[in-house]
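Student: sequence and predicted structure are below.
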Amino acid sequence: RSTSRPADCSLRILAADGTSWLGTGWMIGRRTLVTAGHCVYLHGHSGWARQIEVVPGRSGDNQPFGSCAATELWSVVGWMRDGEREYDYGAIVLPESFPIGDEIGTFGFAAFDSAGLVGGMANLAGYPGDKPVGTQWWHARALKEATAQR
């Protein structure tokens, strides 16, 4: 664990059934974050999240870039309808009034051939629920295998 990276964002998720959850997203554009599908569409909790508070670069109680409530959420049919793990991804679009990616930067995204990924380093960063609230943790490992998606 170390200092938070601003383009990694802590998520405070309010599910449609009123329950609260934590999650992680990362900026890929000036107003767009990528996250897990289970952060935006919660099976067993009435589907689409009611609202997600996005906190860029959060470090415990410190919110150096403020926060923003987002309600424009996206995922794919494989996750929403079928709950298939390989489709557990989604996106959050922030309001026009909060283009925080302009200030904090973004990671962007890319698609790679699965064979080209083997041996490369995979970095995982996030705000896990089993650690002190609002603290960012990460680790990296070399990829031993990769499987192409359909």
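Tutor: Nice, thanks for sending it over.
Student: who's in contact with the residue nearest the centre of the chain?
Tutor: In the chain, the C-alpha nearest the mean C-alpha coordinate belongs to Gly25, at 2.0 Å (CA atoms, centre = their mean). Residues in contact with Gly25 (CB atoms under 8 Å, 6 or more residues apart in numbering) are 8-9, 11, 33-35, 39, 54, 92. C-beta: built from backbone N, CA, C; applies to glycine.
Student: most neighbours among the residues you listed, please name it.
Tutor: Highest neighbour count within these, by other CB atoms under 10 Å: Cys9, with 31 neighbours.
Student: hmm, who's touching the worst-scoring helix or strand of the chain on mean pLDDT?
Tutor: Sorting the helices and strands of the chain by mean pLDDT, DSSP states H and E puts helix 114-117 at the bottom, at a mean of 86. With CB under 8 Å, 6+ apart as the contact definition, helix 114-117 has outside contacts at 143, 146-148.
Student: next one: stretch 141-150
Tutor: When contacts are taken as CB under 8 Å, 6+ apart, the neighbours of stretch 141-150 outside the stretch itself are 86, 114-115, 117-122.
Student: OK, contacts around the residue lying closest to His139 once chain neighbours are set aside?
Tutor: Take His139 and drop its neighbours on the chain: the residue closest to it by CB to CB, 6 or more residues apart in numbering is Leu124, 5.9 Å away. Residues in contact with Leu124, defined by CB under 8 Å, 6+ apart, are 138-140.
Student: tell me the one of those nearest Ala16?
Tutor: The shortest separation between Ala16 and any of the contacts of Leu124 is 30.3 Å, and it belongs to Trp138 (by CB to CB).
Student: residues contacting the residue nearest to Val77 when sequence neighbours are not counted?
Tutor: Taking CB to CB, 6+ apart as the measure, Val77 lies nearest to Tyr87, with 7.7 Å between them; neighbours along the chain are not counted. Tyr87 makes contact with 37, 75-79 under the criterion CB under 8 Å, 6+ apart.
Student: at 6 Å what do you get?
Tutor: Tyr87 makes contact with 76, 78-79, according to CB atoms under 6 Å, 6 or more residues apart in numbering.
Student: cool, Glu84 as well?
Tutor: Under the contact definition (CB under 6 Å, 6+ apart), the residues listed for Glu84 are Gly78.
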